[in-house]
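Asks: just to be clear, the model below is a prediction. Sequence and coordinates:
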Amino acid sequence: MPSGPARTAPPGSLSEVLVGRRSELTLLRAAVASPPSLVLIEGEAGIGKSRLVRELLTASEPSAAGVLVGQCEQLHEPLPLSPVLDAIRLAGPRLAASRPLNPVTGALAPLLPEIAAYLPPPPPPLPDQREERHRVFRAAVALLDHLSPVVLVLEDVHWADRGTHDFLSFLAAHLPRDLSVVVTLRPAAVPPPLREAFARAPSGPALSLGLTPFSRPEVEQFAEGVLGAALPPTFAALLYEKTGGIPFVVEEVLRTLLEHLPARDIPAHPDALTGLTVPTVLRDVVLRRLSSLGETAREILGASAVIGTTPDERVLAEVTGRGAAEIARALAQAQAAGLLHEEDGHCRFRHALARQIVYESVPVAARRWLHLGTARALEAVPGPRPVARLAHHYRLAGRTAEFLASAEAAAELALSHGNDATAARFLLQALEAGDPPHDVRVRLAVRLGRAAVDGLAHAEAVPLLERLLAAEAIPARPRGELRFALGRLLRQQGEARAGYRQIEDALDDLADRPALLGRALAVLAAPETVADRHVTEHAARCDQAEEAARRSGDPDVATAVRIARASLLLEQGDPESWRLIDALRRDPRLAAAPREHARACLNWAQAALHTGHLRQADSLLAEGRRVVDQAEYLRLAEIVELVTAAADHAAGRWDGLEQRVRHLGGASATFAAATLDAQLLHAALLAATGPAEEAAARLAEVIPVAERVGAVWPLISAGTALSRLMLTLGDAAGAARHAEAALARVRAKGNWVWGAQAVLCLVDALDTLDGPGRSGHAAGVVDELAAGIAGADAPAARAALLTARAVLARVAAPQEACELLDTARVLLRDAGLRHEEAAATERLGGWRGERGAPDGGRLLEAALRMYAAMGADRDVARVSRVMRRNGVPIPYPWRGGRPSHGGTLSSREREVARLAAAGKTNQEIADELFLSRRAVESHVASALRKLGVPSRRELRVYDLT
């Protein structure tokens, strides 16, 4: 009998991985490995009973035991002993080579003509039917004993005839020594005599394995295994709600989604779950169960589906006009049929899709009447009006006026509880329902603008607000607020320039509303989100915001402006920013506004990273995360993770970082404004870890998008990162070109703190090219940087300036150059910027080694160890090459790769490297060798590291045959 982990998915299954059943599988394997044994696997339909059995039977390591499997069929008149006979029928080949059989087994010959030739002659018939049946039972047990060791599996025994149940009771009482019996069935369908027989078996009570639905984490794990992508919390929660955790339903839902979307794109589309077409197989199952109910029960269950997932029996009685006893009987029948289940003392639909199928089985006209009746019944309930439920039922009843009133009230209630997403959903529905009067439409739109900013309803709200502003004459006051809201939404969608301009256009309309004007101007003061405004313009906007806040007399607006001022100063490295930030962090008014507090901390943490203040960034990030968690501020969840990843990157905390960052910038990202930053961070990581071509491709994708939307920080940073990557690939001209483009953006923005790395890249590139006038150009750019960051508290920029000056001084004053570079290295170390410190250490070690200084090798080895600790494989390969060139011994294990292969490539690495050297892409190699692309990337990076080369182009010089 097979044992060990399953290797492949069962036929028709989407997943090769068994989820949530490991403990049950372990118990099942132990039971069948120690015969005689009886096992009952119980659970509702679709819970995974058959999958568990298949995992048992399709494992990798065979043993001496055979397997006989019988399947019960859902027939109106089940055939006597059908599953048992079907299982024994499979034993023909074993009987052909076996020893003589017990004569009593001949009683099976008339029932099993396929193997009758291997059985003894049938004994004479007995006059008593009960005696005949007893002899057949004895014959089957004797034959199973003869075939032992064997595992008998009988599936879906709840559909078996009574004779099969009786045989199993008989078998339990006379279980052969080397026989294991595994039975799957639904709990409610187990005849008490059979359960008692299994419990009182002489060989010991049966092992009972009761399977329950997946938990939400298990649903998430199962879906991620099928889709090959991480699930956002919103998608995972909705999938769990839709399916009730029943594995069959989860699999059918995923199968349906895969018919319409690529697997890795599905997590980014929770809307596909909301509007899901019910899988045909699941619909057939539910409708078959529904048809088994009586007419009255079907009517009551249909009304229950209209009322909600958990039917309110009082409302149900009022809507249907049925009595309590009649309703109780109908719900009990539906529960017995598997359509409802009990939870917390109430009947609920088994899963959301079961309710949807029952709901859709009710004729449309009847549904509208039932929705209206439900709304009327809910209106009559004493106490606060359930406005959200009323809005739902009035909308589906087609009562527009009642729906609009209820939807607006529901939105107000949601906003009062801080639930912006729910408020935005109700307001969107209201604006799309019928044709509300102009003043109502404008009022709803203004409220939608407020709610959508924090409610992640950007994609739905933006086109609606754009149409409203373009098509209708709107008074100045609401028009200004609408433009302000639309501008913020556009910025959150990643449309930096368009959003900025919308807010600018709103200023005149907000002139007599100083509180809103102050907030709008505070947004315009932020320098990092738009390319074509100089920092002096942002400073002027900040001054205007302070004046508006003073006029408004609103202390909350004044706080928002102070936050903006601190951010603006911090991005420029102004030491005054930290005094402002410290004062704001102690301000009880900020603490009393958790959303403002969280946004401020995360904005400041990002700015601190931009300037190289890692420790302060970590502190601000921790505070922001705490506030976000306490306030359950969903909109900032991705920003928290992004800033955390950026801080980890700066600090060299790279373990598992690549996977996290890939997810943040992937298809499942929901906050578009952060996508470019996530892609940029991922590319920077790949530039150090490999593969370089993917890093270059990602950076080349970021730049045109950032240019189109006008996002200045990603634009400057991507150009700088691409310049640095070109330098490591030996393309100094390309590096200079990208550095010059980044510096053009820096000059247009006027913030040289952001341009320091671009200056260093340009100086390095010009130093390599070494043409006429290049040194003078480099010196001029360095002077620009020095003037631009004079007095700035920005460790990263100051270190870059010191390094650039060192490069310029290297030939004429080598000792001074090394001293400048060592000062930069210490500055980076003290700032905690681990990767930058390693790069400075590598550079200094190389310079010192070239001059024969004894500490050159020590510095290079220190850089090597720092890179290796971070997993920066490309950097390890490069510094190893420098060490070889300078005659510095390379310590184990960096002499040539993993210990298992010493200085040589493994056979798979050699095969992959040969194809890479031939010019094939990673995807082409993956297709040719039947590998995943990720595996190819890993093999290429490993080969480059072992051979000490920076890029796949240099593989061509090696003999890889």
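Replies: Alright, I've got the coordinates.
Asks: which parts of stretch 196-212 are buried?
Replies: 197, 198, 201, 203, 206, 207, 208, 209, 211 (16 or more other C-beta atoms under 10 Å). For glycine as for every other residue, the C-beta is placed from the backbone atoms N, C-alpha and C.
Asks: ugh, wrong one, stretch 284-304
Replies: Counting neighbours by 16+ other C-beta under 10 Å, stretch 284-304 gives 285-286, 289-290, 293, 297-304 as buried.
Asks: let's see which of those residues end up in helices.
Replies: If you go by DSSP state H, those have 285, 286, 289, 290, 297, 298, 299, 300, 301, 302, 303, 304 in helices.
Asks: farthest-separated two in the residues you listed?
Replies: 285 and 303 (21.7 Å; C-beta to C-beta).
Asks: tabulate the buried residues of stretch 196-212 (JSON lines), appending pLDDT and secondary structure.
Replies: What follows is the buried residues of stretch 196-212, written out as JSON lines (pLDDT from 0 to 100; DSSP: H, G, I helix; E, B strand; the rest coil):
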{"residue": "197", "pLDDT": "88", "secondary structure": "helix"}
{"residue": "198", "pLDDT": "89", "secondary structure": "helix"}
{"residue": "201", "pLDDT": "88", "secondary structure": "coil"}
{"residue": "203", "pLDDT": "88", "secondary structure": "coil"}
{"residue": "206", "pLDDT": "89", "secondary structure": "coil"}
{"residue": "207", "pLDDT": "90", "secondary structure": "strand"}
{"residue": "208", "pLDDT": "90", "secondary structure": "strand"}
{"residue": "209", "pLDDT": "90", "secondary structure": "strand"}
{"residue": "211", "pLDDT": "87", "secondary structure": "coil"}
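Asks: could you export these as CSV, including distance to residue 854?
Replies: Shown next, in CSV, are these (distance: C-beta to C-beta, whole Å):
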residue, distance to residue 854
197, 86
198, 81
201, 81
203, 79
206, 77
207, 71
208, 74
209, 69
211, 69
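Asks: residue 680: which of these is nearest?
Replies: residue 211 (46.1 Å).
Asks: what residue ranges in the stretch 1-150 of the chain score low on pLDDT?
Replies: Within the stretch 1-150 of the chain, the stretches with pLDDT under 70 are 1-15, 59-65, 74-78, 97.
Asks: among the buried residues of stretch 284-304, which two are most distant?
Replies: Most distant of those, by C-beta to C-beta, are 285 and 303, 21.7 Å apart.
Asks: nearest to residue 366, of the ones in helices among the buried residues of stretch 284-304?
Replies: Nearest to residue 366 among these, with distances taken as C-beta to C-beta, is residue 302, at 7.4 Å.
Asks: not counting its neighbours along the chain, what's nearest that closest one?
Replies: residue 362 (4.2 Å; C-beta to C-beta, 6 or more residues apart in numbering).
Asks: over to residue 871?
Replies: Here the residue nearest residue 871, using C-beta to C-beta, 6+ apart, is residue 654, at 5.2 Å.
Asks: so who does the one you found touch?
Replies: By C-beta atoms under 8 Å, 6 or more residues apart in numbering, residue 654 lies in contact with 648, 685, 689, 870, 871, 872.
Asks: relative to residue 264, how far out is the third one?
Replies: If I follow you right, that is residue 689. Distance, residue 689 to residue 264, using C-beta to C-beta, to the nearest Å: 21 Å.
Asks: for residue 814, grab the count of nearby residues.
Replies: 15 (other C-beta atoms under 10 Å).
Asks: same deal with residue 271?
Replies: 12.
Asks: quick one: buried residues of the helix or strand containing it?
Replies: In the assignment (DSSP states H and E), residue 271 maps to helix 270-274. For helix 270-274, a neighbour-count test (16+ other C-beta under 10 Å) marks 270, 272, 273 as buried.
Asks: thinking again about what came up before, distance of the residue nearest to residue 871 relative to residue 937?
Replies: 16 Å.
Asks: hmm, residue 91 is touching residue 147, no?
Replies: Yes. Between residue 91 and residue 147 there is a contact at 5.5 Å, judged by C-beta atoms under 8 Å.
Asks: between those two, which contacts overlap?
Replies: With C-beta under 8 Å, 6+ apart as the test, residue 91 and residue 147 both reach 66, 68.
Asks: hmm, what's the outermost residue in this protein?
Replies: residue 127 (69.0 Å; C-alpha atoms, centre = their mean).
Asks: let me know the secondary structure of that one.
Replies: coil (DSSP: H, G, I helix; E, B strand; the rest coil).
Asks: now stretch 374-388: mean pLDDT?
Replies: Taken as a whole, stretch 374-388 has a mean pLDDT of 87.
Asks: show me what counts as buried in it.
Replies: 374, 375, 376, 377, 378, 386, 387, 388.
Asks: show me the contacts for the second one.
Replies: By that I understand residue 375. Taking C-beta under 8 Å, 6+ apart, one finds 390, 393, 394, 397, 399, 402 in contact with residue 375.
Asks: which residues in the stretch 201-350 of the chain form helices?
Replies: Secondary structure of the stretch 201-350 of the chain (DSSP state H, counting those that start in this stretch): helices at 216-227, 233-243, 247-258, 270-274, 280-291, 295-307, 313-320, 324-336.
Asks: going by mean pLDDT, which of those comes out lowest?
Replies: helix 270-274 (a mean of 76).
Asks: quick one: list the elements packing against that helix.
Replies: The contact analysis (3 or more C-beta pairs under 8 Å, 6 or more residues apart in numbering; DSSP states H and E) places helix 270-274 against helix 233-243, helix 247-258.
Asks: so which of these gets nearest residue 732?
Replies: Comparing the helices and strands packed on helix 270-274 by C-beta to C-beta, helix 233-243 comes nearest, at 45.7 Å.
Asks: the closest one: how far from the chain's middle?
Replies: From the chain centre to the centre of helix 233-243 is a distance of 12 Å (C-alpha atoms, centre = their mean, to the nearest Å).
Asks: and the angle from that helix to helix 216-227?
Replies: 100 degrees (axes from the mean of the first three to the mean of the last three C-alpha atoms, to 10 degrees).
Asks: got the CA positions of helix 233-243 in PDB?
Replies: C-alpha atoms of helix 233-243 as PDB (Å, rounded to 0.1, in the frame of the first residue of the first chain):
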ATOM      1  CA  PRO A 233      -6.500  40.100   2.500                       C
ATOM      2  CA  THR A 234      -9.600  41.500   0.700                       C
ATOM      3  CA  PHE A 235      -9.600  38.800  -1.900                       C
ATOM      4  CA  ALA A 236      -8.900  36.000   0.600                       C
ATOM      5  CA  ALA A 237     -11.800  37.200   2.900                       C
ATOM      6  CA  LEU A 238     -14.200  37.400   0.000                       C
ATOM      7  CA  LEU A 239     -13.200  33.900  -1.300                       C
ATOM      8  CA  TYR A 240     -13.700  32.400   2.100                       C
ATOM      9  CA  GLU A 241     -17.100  34.100   2.500                       C
ATOM     10  CA  LYS A 242     -18.300  33.000  -0.900                       C
ATOM     11  CA  THR A 243     -17.300  29.400  -0.400                       C
END
